[in-house]
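1. here is the input, now give the coordinates:
(one chain, ligands or ions: 4)
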Amino acid sequence: EAKKAGRAEQRVFYDAMNAAAKDGLVIDGALRGAIEANEFHLVYQAITNAHTGKLTKVEALLRWHSSLLGPVPPDRFIPVAEDSGMIIELGTWVLEQACRQMGAWKQGTLDDVTISINVSAWQLADPGFVKLVSQALIRNDLAPHQLELELTERVLIEDAANVQAVLGQLRALGVGISLDDFGTGYSSLSYLTQFHLNTLKIDRAFVMDIEHSERSNNLVHAIIAMGHSLGLQLVAEGVETAGQAAILEKMGCHYLQGYHISRPIPPAELLRFADQRISMAPAPHGDFAI
Ligand code: C2E
Ligand code: MG
Ligand code: MG
Ligand code: MG
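-> Ligands and ions are numbered 1, 2, ... in the order given. Down below sits the predicted model:
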């Protein structure tokens with residue numbers, strides 16, 4: 001009972017702190033020292049082959065449990081970390097952590113899986129970034145093709161000339177480059193050919209309505225057709241139903257990610273997920289969603 005009351009009290013406290021955190025200043029303060037205090041961890045979300053259901057990639061997603069604010073979602077603290085420049089330090093931590101996890105997985109059932117991490121514009125603009133990536137690969141004994149970096153369209157516009165050079169170096173190294181949240185940004189189609197991309201991730205906003213909105217359906221269909229003709233791999237984000245998965249597979253979308261496949265989960269759970277997928281005979285997706 002005391003424990004229960006304590007938890008309720010804690011929740012009230014967190015709620016109050018979170019309300020105060022709306023201006024970003026409180027988050028900014030709480031972020032300082034949060035790495036050293038071990039307040040961050042990564043969860044991993046499966047990305048599967050749309051046709052066979054096989055686990056192909058895993059996206060690392062950052063989680064923060066602040067001792068001061070309680071759990072704070074990335075959409076709240078990433079922008080603050082970008083404003084202060086702390087995203088560089090945080091992004092470096094994510095890169096190392098994800099590569100270390102992949103290094104451990106490589107020994108087991110996940111040896112042919114790719115790890116994807118989200119990278120912000122600031123990191124890419126940092127002169128030491130390419131070296132940082134190659135060192136993380138070497139340190140954790142990973143092949144470059146086992147790592148994929150997810151960028152948003154914003155990254156491509158901010159400092160186009162420099163970004164193009166950096167992406168060229170990363171692709172030369174053998175690292176995959178993925179354009180995240182595709183369709184929500186400001187990019188023109190010329191970006192798709194101009195930059196060294198190999199994957200497009202179709203934003204959840206479009207995937208959400210494909211079953212019921214002819215417009216969304218047509219739009220996703222067009223994105224997939226365009227991706228095919230440009231030789232890009234396609235990942236659909238936010239796949240929440242078997243119906244969506246079936247439509248996407250039929251449209252020729254290569255990979256699926258979303259709650260219908262799996263939520264973002266801790267490493268041990270992901271291993272169980274992968275084991276399940278391996279013991280299963282190839283079958284149409286959707287029949288064995290967890
Ligand atoms: P994102 O990279 O587009 O990641 C996908 C987001 O959609 C994740 O939210 C994931 O939990 C959520 N999601 C996945 N499947 C579904 C679904 O079926 N339905 C719904 N409703 N949501 C789904 P999350 O983890 O809250 O991350 C939000 C954003 O924060 C990410 O969007 C990414 O832009 C950013 N982020 C997360 N981790 C990092 C990181 O390590 N570094 C950077 N720079 N940004 C990160
Ligand atoms: Mg992403
Ligand atoms: Mg996304
Ligand atoms: Mg996003």
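2. which parts of the stretch 101-250 of the chain are strands?
-> Per DSSP state E, counting those that start in this stretch, the stretch 101-250 of the chain carries strands over the ranges 114-118, 147-152, 176-182, 199-202, 233-236.
3. same list, those strands, but as a markdown table with distance to ligand 3 please.
-> Where you see a C-beta, it was placed from the backbone N, CA and C, and this is true even at glycine. Putting the strands of the stretch 101-250 of the chain into a markdown table (distance: least, Cβ to the ion, whole Å) gives the following:
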| stretch | distance to ligand 3 |
| --- | --- |
| strand 114-118 | 8 |
| strand 147-152 | 7 |
| strand 176-182 | 4 |
| strand 199-202 | 5 |
| strand 233-236 | 9 |
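4. pipe those into CSV and attach distance to Ile47, mean pLDDT and mean neighbour count per row.
-> Listed next are the strands of the stretch 101-250 of the chain as CSV, based on distance: least, Cβ to Cβ, whole Å; pLDDT from 0 to 100; neighbours: other Cβ atoms under 10 Å:
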stretch, distance to Ile47, mean pLDDT, mean neighbour count
strand 114-118, 7, 98, 23
strand 147-152, 10, 96, 22
strand 176-182, 10, 95, 22
strand 199-202, 9, 96, 25
strand 233-236, 6, 98, 26
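5. Lys201 contacts Asp180, doesn't it?
-> Yes: the pair Lys201 / Asp180 is scored as a contact, 5.0 Å apart, by Cβ atoms under 8 Å.
6. list residues touching both of those two?
-> Between them, Lys201 and Asp180 share these contacting residues under Cβ atoms under 8 Å, 6 or more residues apart in numbering: Glu150.
7. ok, back up a step: pipe the strands of the stretch 101-250 of the chain into CSV and attach distance to Ile27 per row.
-> Putting the strands of the stretch 101-250 of the chain into CSV (distance: least, Cβ to Cβ, whole Å) gives the following:
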stretch, distance to Ile27
strand 114-118, 18
strand 147-152, 20
strand 176-182, 22
strand 199-202, 27
strand 233-236, 30
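8. among those strands, which is nearest Val58?
-> For Val58, the closest of the strands of the stretch 101-250 of the chain is strand 114-118, at 5.6 Å, according to Cβ to Cβ.
9. by contact count, what packs against the closest one?
-> strand 55-66, helix 87-106, strand 147-152, strand 176-182 (3 or more Cβ pairs under 8 Å, 6 or more residues apart in numbering; DSSP states H and E).
10. roughly how far out does the second one sit from the chain middle?
-> Put plainly, it is helix 87-106. Distance of helix 87-106 from its chain centroid, counting by Cα atoms, centre = their mean, to the nearest Å, is 13 Å.
11. could I get the CA-only coordinates of it as PDB?
-> Coordinates of the C-alpha atoms in helix 87-106 are reproduced here as PDB (Å, rounded to 0.1, in the frame of the first residue of the first chain):
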ATOM      1  CA  ILE A  87      22.200  16.100 -29.700                       C
ATOM      2  CA  ILE A  88      25.800  15.600 -30.800                       C
ATOM      3  CA  GLU A  89      26.800  14.000 -27.500                       C
ATOM      4  CA  LEU A  90      23.500  12.100 -27.300                       C
ATOM      5  CA  GLY A  91      23.700  10.900 -30.900                       C
ATOM      6  CA  THR A  92      27.200   9.700 -30.300                       C
ATOM      7  CA  TRP A  93      26.000   7.700 -27.300                       C
ATOM      8  CA  VAL A  94      23.100   6.200 -29.500                       C
ATOM      9  CA  LEU A  95      25.600   5.200 -32.200                       C
ATOM     10  CA  GLU A  96      27.900   3.500 -29.900                       C
ATOM     11  CA  GLN A  97      25.200   1.800 -27.900                       C
ATOM     12  CA  ALA A  98      23.400   0.500 -31.000                       C
ATOM     13  CA  CYS A  99      26.600  -0.800 -32.600                       C
ATOM     14  CA  ARG A 100      27.500  -2.500 -29.400                       C
ATOM     15  CA  GLN A 101      24.100  -4.200 -29.300                       C
ATOM     16  CA  MET A 102      24.400  -5.200 -32.900                       C
ATOM     17  CA  GLY A 103      27.900  -6.600 -32.200                       C
ATOM     18  CA  ALA A 104      26.400  -8.800 -29.500                       C
ATOM     19  CA  TRP A 105      23.400  -9.900 -31.700                       C
ATOM     20  CA  LYS A 106      25.800 -10.700 -34.600                       C
END
